[in-house]
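J.: based on what follows, work out the 3D shape:
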Amino acid sequence: MKYVELQLRNAGYRRTKPREVVLRVLQSAADHIKPEDILKKGRALYPALGRATVYRTLELLTRMGVVRPIYISDDGPWYTLTAGGHHHLVCTGCGDVIEIEGCKACDPTKAVAKRSGFRVESHLLEFYGRCRRCQNPDGLSGRRRKQPRNPRKKGRSHVGSR
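T.: Modelled structure (predicted):
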């Protein structure tokens with residue numbers, strides 16, 4: 001968080017309690033998080049936190065490259081910190097997003113950085129296709145759900161290992 005505070009100060013922004021709370025909620029999130037959830041969890045830490053402040057802070061942090069929006073469903077973006085890598089399988093049938101853990105994409109990223117002299121700070125890798133439920137013999141898509149399952153809910157499968 002100190003690095004982000006330094007970035008804010010260098011860009012001419014003050015460290016405020018609401019920004020600090022939004023960052024704390026983002027850092028404590030195990031996965032992607034919706035702005036509404038940031039607001040709910042943030043208000044538990046700082047009851048005066050407002051909806052507009054959460055959205056403005058997310059917009060600022062996105063411009064600064066601290067967070068990135070991830071469009072999982074039609075109900076708006078989810079957010080995640082940009083540090084490190086982020087990998088997903090995205091079902092184009094039902095909209096499910098499955099987090100890939102232990103992805104080997106970081107290995108070539110390091111090699112590319114070494115060869116090019118480019119300092120990679122983060123990356124996002126998404127594979128689009130059909131989950132097992134949406135695959136069927138005639139190749140037609142499965143029924144599309146309006147809301148994908150929350151990738152953090154119990155019973156959610158993860159690919160790879162830690």
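J.: tell me the SS of residue 80?
T.: Classification of residue 80 using DSSP: H, G, I helix; E, B strand; the rest coil returns strand.
J.: so what's the residue count around residue 59?
T.: Per other C-beta atoms under 10 Å, the neighbour tally for residue 59 reads 12. Yep, even glycine has a C-beta here, placed from its N, CA and C like the rest.
J.: make sure it is indeed in a helix.
T.: Yes. Residue 59 forms part of a helix when assessed by three-state DSSP.
J.: measure residue 123 to residue 8 for me?
T.: Distance, residue 123 to residue 8, by C-beta to C-beta, to the nearest Å: 23 Å.
J.: same check on residue 48?
T.: Where residue 8 is concerned, residue 48 sits at a distance of 20 Å (C-beta to C-beta).
J.: give me the below-cutoff pLDDT ranges for this structure.
T.: 1, 73, 84-86, 102-107, 122, 137-162 (pLDDT under 70).
J.: more neighbours: which of residue 123 and residue 8?
T.: Between residue 123 and residue 8, residue 8 has the larger neighbour count (other C-beta under 10 Å), namely 20 against 16.
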